Structure formats: C-alpha cells, structure tokens
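Student: okay, sequence plus prediction incoming.
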Amino acid sequence: MLTVHRVRGVAAADGTVALGHAVVVDGARFAAVGPYEELLATYGERARVREWDDGILTPGRYERDAVALLEATYWPDPREADDLGTEPLTGAALAALDMTDARWGASARRGVQRLLATGTTALAGPFTHPAVRTAVTRSGLRDRPVGPPEPGGDADFAVLAPDGTCLTTSIGGRLVYRRR
C-alpha cells in the first residue's frame, strides 16, 4: 500500500532539511521524495496520508553501543517493578539475577522497543548471545547506518519532533513505533 508521510521537512544526506517535502512509501521502499503538494497530486488518490506536522523525517539513529545496551543490560519486565525497579540494570545488580536464555531474550525485546522509541533504525553488533541476536534479527533493525530517503531505498526512517523526541520509527516501511 502506498503511504505519503507528510512532515515539516525531510533531512538530506548533507544534513540540510528540505522544508515542505514529504516521502511516499510503497511497501518496504521509498517510491518518491519531494514537495508535499506535488506528491499528493501524483499519489493522493491511491495513497493513505500520515501526518507528522512538526516532524523532520531522518534516516534514524545508528546505535553504536547496542551490544552494551542489550547484552550487558537487563531491561526489567514491568511485572518486576516492585522488586527490581523500572530502570535498566547493569553491573552487580545484573550479576545478581538468574539470567536464563528466555529472560535475556525478553530483556532484549524490551531494550529494542526502547531503542525504537528513540528513532533508532540501525544497531552496531555483533551480538554474541543467541537470545539477544534472535531478538535483534526479528526486530528488523539494520546492522549498518541507514542512508537518507531516496526513491528505491529502504523505507527505514524516524520522524523527530522539534525537541528531538521521536514521533515514529519505520523499518522496511512498517511503523514499528508511534508516539501516542
């Protein structure tokens, strides 16, 4: 399905922002990038329109510390908040936990969700723990930095608000995080 993402602007490779531009996503790829009004005239009748009015569409973040965030950090389950709190655990607090493969996998999935909520679209690895590697692979996050939006390119992007918070993250054209 075609989707026009209307934003305040689209970030280019050189870091400039083309204000008034938008992107068209067709499945997992960008179909077009250009002025919103032109894209709406060309694709509007057969595309849905998602509006992120104050957002800037970027390739998303490339998280270089991903191994530490997912293999050396435990992201507590909300049901453990009374016992463990809600903040990530590292060091001695992590060493005190009984970390089974299932627990590592669940922690990695929660960690990935937190990263997606910051606009992360790619992670640096390699991940050595099998449960963490599986969680990362299933998330669809790339293992390399993502390029700027261009026709034919992977539709991996984040839309960031003026204060830097993430409005939405898309991996392969699929919204994997959306701020409510």
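Tutor: Nice, thanks for sending it over.
Student: now do the helices in this protein.
Tutor: Applying DSSP state H to the chain gives helices spanning 36-43, 66-71, 81-84, 91-95, 101-116, 130-139.
Student: distance of residue 34 from residue 151?
Tutor: The gap separating residue 34 from residue 151 is 9 Å, by C-beta to C-beta, to the nearest Å. All C-beta atoms are positioned from the backbone trio N, CA, C, and that covers glycine.
Student: give me the number of neighbouring residues for residue 30.
Tutor: Close neighbours of residue 30, defined as other C-beta atoms under 10 Å, add up to 21.
Student: adjust the sequence numbering to begin at 39 for everything that follows.
Tutor: Let's use 39 as the start, then, which means that last one is residue 68.
Student: who's it bridged to?
Tutor: residue 63 (DSSP bridges).
Student: wait, doesn't it sit right on residue 194?
Tutor: No - with contacts counted by C-beta atoms under 8 Å, residue 68 stays clear of residue 194, the gap being 9.4 Å.
Student: could you pull up phi and psi at the residue sitting furthest away from the middle of the chain?
Tutor: Farthest-out residue of the chain from its mean C-alpha position, per C-alpha atoms, centre = their mean: residue 134, at 31.1 Å. For residue 134, the backbone dihedrals (degrees, to the nearest 10) come out as phi -80, psi -10.
Student: which strand is the longest one in this structure?
Tutor: Counting by DSSP state E, the longest strand found in the chain is strand 85-96.
Student: can I get that strand in PDB, CA atoms only?
Tutor: Extracted in PDB, the C-alpha atoms of strand 85-96 (Å, rounded to 0.1, in the frame of the first residue of the first chain):
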ATOM      1  CA  ALA A  85      -2.300   6.500  -1.100                       C
ATOM      2  CA  ARG A  86      -3.100   7.000   2.600                       C
ATOM      3  CA  VAL A  87      -1.600  10.100   4.200                       C
ATOM      4  CA  ARG A  88       0.100  10.000   7.500                       C
ATOM      5  CA  GLU A  89       0.700  13.400   9.000                       C
ATOM      6  CA  TRP A  90       3.700  14.200  11.300                       C
ATOM      7  CA  ASP A  91       3.200  18.000  11.000                       C
ATOM      8  CA  ASP A  92       6.100  19.300  13.200                       C
ATOM      9  CA  GLY A  93       8.400  16.400  12.500                       C
ATOM     10  CA  ILE A  94      11.600  16.200  10.500                       C
ATOM     11  CA  LEU A  95      12.000  12.900   8.600                       C
ATOM     12  CA  THR A  96      15.500  11.500   9.100                       C
END
